[in-house]
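**Q** Below is the structure, and that's it, no one-letter string:
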């Protein structure tokens, strides 16, 4: 047997009303690699980090075989931003919609990409994103359709952070008592490439000048992906972030960016000097290559919304026919200060749905307030949502609910609100925090508001930002504000042109309000997309009309109580 | 939820003809620990490394719940030396008799311990032994019965080797192309305790004198388990080895040892100055505490049969009421030279079955010769058996064979012999080596000879020793010799009093002949017990009368094609 690292892509199998099946095969395996010039084992897909870009057209059906070639670890792959309407078992979130794919096994994800946009796919089991298990999933407009903006070429930027410790070790650390904190990432990566602790060139110090020179121009695994452009053109840059801990800011020196898409939905175009990208988010921006064509320009990505020691990641916007290795004459551009929340909030306020985007219903049937706190639970440090730290069960909810397996998870649903006297400005009192895995049962086709309420952590005067991501649905971000959410804030909701998204950030000591229609039967996780926070419990699970689903494909259910149920049902 | 690290042990539930059920619960989880004074994540059982000792009486039925509390890794536990007569699904070898136990799940092993002896249990999935997943399993004689020797007290020594890299990283290294060799272990451990790179005391240098002092007397996690004895008594010392790479030699300064048991079978008593213990083997030796009672004595374990850089592990035989911390006045004893094969072979020759042990049949129905070579297979370095490097399938053989799932593994059995012109003294020519997972199908109740044939590795003038271990059966070691096995060697087989064992070593450039009766229906692995060699392909799988087995319990089959078969059979 030889493992062939090829990226198998069959084009059209059965054209069907203009759409078609797209077949991909992804082999997930360990590989030694040096994303930031320091080698360690990583999780590669078809021999690549990041995983290869998957591309389709709106309306296509994806048939993606994922082979787990790790040795003892399960995996699952989430198709981030794809709503999986009618195929909730293909969402790829382990414990929620499927069992982890076992080593040596192949799981086939089959789902429809029903709208164009910039999406991604990534591991959704353990901390596998931290090992590099992520890639672009780009859906072009259906044949014959046009984007509502023009561009001459396309560039893609996948933003992540990187540790020298493996996900395996980090997971053990984060689960230890006392907690062993993994610390800040060692590097930031752009398209899986970064530079650890090096000096770029005189005048360009990224870290400190006593460090060795950066391997910027070579053919090393860490040498940056140069962005080649022609002068006087318009480029669409697709940007996604799948960082584990931080949020990021992108600057392209001398170039403004016009934001046109967020999370696979068009937005009213607006122009910025720099772009905030929280983990789980995607954007498309347009740039004009209208600067001095004899120069190249820095592309820099730095941390925001978190005090971090990690220096920015750099690459080069290379105006052809200049040499790719012609360094810009100016030093790398600066980012907003990490704690410049006003900048961050102003950017958010600029994001509004493009005219013609569906509007939210005027009223919600139900409101669920999710208090984000850090707590001690039995001496372990955990993140909690309304005092419950999510511990994922070993049986996937989707099967457990469909088959009525009540021992699979806590049958008591988590609370819809938190104590009215909770002071979000003070350290978490840790009174009632507990572990749990109950489910918010949402009535089919009802309108639900989720209010993310931030609070102080277990440290005095600290409250971070949390970028939450929802599976199975897009939502409208109808508002955000400071302090504790209250009834009067409802009146200020933007119901006219709020952006439709799948990810939204809640700022420190603030709240963010999301409205959505629970119209996609299945079981879905809604969670902080900081991978280290999710693993420490920061998420909730909700179900929608599972009784409306047909018989589930058994392939994803061969674990826990669903395996027992399905293997024995002949005899029962 | 709180993980309680308690060792739950219910005594007699149902006395049944003098035997009873023994209930144990083992929680397998990661823990930070410093077995050799250097901390790393380890796999602990009920919060302990080594795992707690399990004890029963011959005839008892063991009911052992194993809970996998790792995060993304499967596990399985093998009850090493227990033949599992009538319960082949409880053997605990992943891919052979069961699927790995998935994270968050509990698997119940239920089996009978039908004879007294010194056994062990350990992980049998990936390289989990290398992470510390092992413990004693001791079966005392049935109530009212007596051992054929007398002793006043009992001491247990569990011998292992230890790396600072985790099993997770080592498995990735060993599977890489080119191979990344893990190197020699950093330390040897006695009962899970060793001392990395330290100076014991002036005159006692174990490594080099520029190293820091050993933490020998303290309460550190690495401080040795002191062996407390009273003067003028007889002690039974049970010794097992589960090393990953090396074989070991035990010396107790000033004390001879009388060997009385090997692998759960009594042997004709003989006395030695030092004891060779290959991985997978167990011994009981008797010592008399007849030395100067005012002194303590070194217990030393060093590497044999492999050129290794790792210094011996030490502990103290503490004659009470001396202080445990009273260091012996003499320096630690010396071990035989690592390459003293004559010593090693002479020891083997001394091991003969106790009178009354069943004798082997006079003739075998079938002979299978297993050539042990190191090969390049598609550019990977692998160990092979008769040119086939074993790659375990993702569906357990036991279920695959029982249900006739022919796609689960290679249907072509591996060869019964190797090319007659193969020169075992030369480097492996790597002509036809391949990966595979076919099965030797043995007819029920037939007598089979396995001839282990050693050969040169891929390096010139190198041929190591390989300690092979068989599941499901004991065998008689009917002979061993130098060079290539030939028909004339059969005449020299010892059929009178060969030792009955479950493990046997094949020496460099030599052969070892084993005879057994294939009378235990099931599927069994027979493999080099060096964990790093097994993972690189050095093993074979054989089946015996699977058609005689009743319906298999489905719990262990929820993976691969057996899961698919069992979950869909209602509809087929």
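**A** Right, received. Where do you want to start? Note that the structure is a prediction, hence the values are computed from the model and not measured.
**Q** Quick check: residue A:255 touching residue A:287?
**A** Yes: with contact defined as Cβ atoms under 8 Å, residue A:255 reaches residue A:287; the gap is 4.8 Å. To be clear about C-beta, it is placed using only N, CA and C from the backbone, and glycine gets the same treatment.
**Q** Test my guess that residue A:142 contacts residue A:112.
**A** No: in this structure, residue A:142 is not within contact of residue A:112 by Cβ under 8 Å, at 11.9 Å.
**Q** So the residue nearest to residue A:119 when sequence neighbours are not counted versus residue A:113, what's the distance?
**A** With sequence-adjacent residues excluded and distances taken as Cβ to Cβ, 6 or more residues apart in numbering or on different chains, residue A:119 is closest to residue A:81, at 3.7 Å. Counting by Cβ to Cβ, to the nearest Å, the gap between residue A:81 and residue A:113 amounts to 10 Å.
**Q** tell me, what's touching these two both at once?
**A** When contacts are counted by Cβ atoms under 8 Å, 6 or more residues apart in numbering or on different chains, residue A:81 and residue A:113 have A:119, A:137 as shared neighbours.
**Q** which ones are touching the closest residue to chain B within the stretch 401-550 of chain A?
**A** Residue nearest to chain B within the stretch 401-550 of chain A: residue A:435 (5.1 Å; Cβ to the nearest Cβ). Listed by Cβ under 8 Å, 6+ apart, the contact partners of residue A:435 are A:377-378, A:382, A:388-391, A:537, B:1.
**Q** Try it again at 10 Å.
**A** The contact partners of residue A:435, by Cβ atoms under 10 Å, 6 or more residues apart in numbering or on different chains, come to A:377-378, A:380, A:382, A:384, A:388-391, A:410, A:537, B:1-2.
**Q** Kindly state the beta-bridge partners for it.
**A** Note on residue A:435: beta-bridge partners residue A:389, judged by DSSP bridges.
**Q** so what's whatever residue of the stretch 101-250 of chain A ends up closest to chain B closest to, chain neighbours aside?
**A** Nearest residue of the stretch 101-250 of chain A to chain B: residue A:104, at 2.8 Å (Cβ to the nearest Cβ). For residue A:104, ignoring the flanking residues on the chain, the nearest one in space by Cβ to Cβ, 6+ apart is residue B:394 at 2.8 Å.
**Q** from what I can see that neighbour touches residue B:561, true?
**A** Yes: using Cβ atoms under 10 Å, residue B:394 is in contact with residue B:561, at 8.2 Å.
**Q** where do the contact lists of those two overlap?
**A** By Cβ under 10 Å, 6+ apart, residue B:394 and residue B:561 have these common neighbours: A:105, B:408-409.
**Q** Give the buried subset of these as a PyMOL selection command.
**A** This is the PyMOL syntax for the buried subset of these, where burial follows 16 or more other Cβ atoms under 10 Å in any protein chain shown:
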select buried, (chain A and resi 105) or (chain B and resi 408+409)
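**Q** Now secondary structure, distance to residue A:77 and pLDDT too, for the shared contacts of residue B:394 and residue B:561, in CSV please.
**A** As requested, those are exported to CSV (DSSP: H, G, I helix; E, B strand; the rest coil; distance: Cβ to Cβ, whole Å; pLDDT from 0 to 100):
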residue, secondary structure, distance to residue A:77, pLDDT
A:105, coil, 13, 97
B:408, helix, 24, 98
B:409, coil, 27, 98
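**Q** So residue A:344, which state does it fall into?
**A** Three-state assignment for residue A:344 (DSSP: H, G, I helix; E, B strand; the rest coil): helix.
**Q** Now for it: which residues touch it?
**A** Here residue A:344 is in contact with A:247, A:249, A:276, A:278, A:304-305, A:336, A:338, A:465, A:505, A:507 (criterion: Cβ under 10 Å, 6+ apart).
**Q** Helix or strand: which one has the residue minimising distance to the centre of chain A?
**A** In chain A, the centroid-proximal residue (Cα atoms, centre = their mean) is residue A:280; its distance is 2.3 Å. Remark: residue A:280 resides in no helix or strand, with elements defined by DSSP states H and E.
**Q** tell me the pLDDT at it?
**A** pLDDT recorded at residue A:280 is 98.
**Q** Report whether the expected contact of it with residue A:243 is present.
**A** Yes: the pair residue A:280 / residue A:243 is scored as a contact, 8.9 Å apart, by Cβ under 10 Å.
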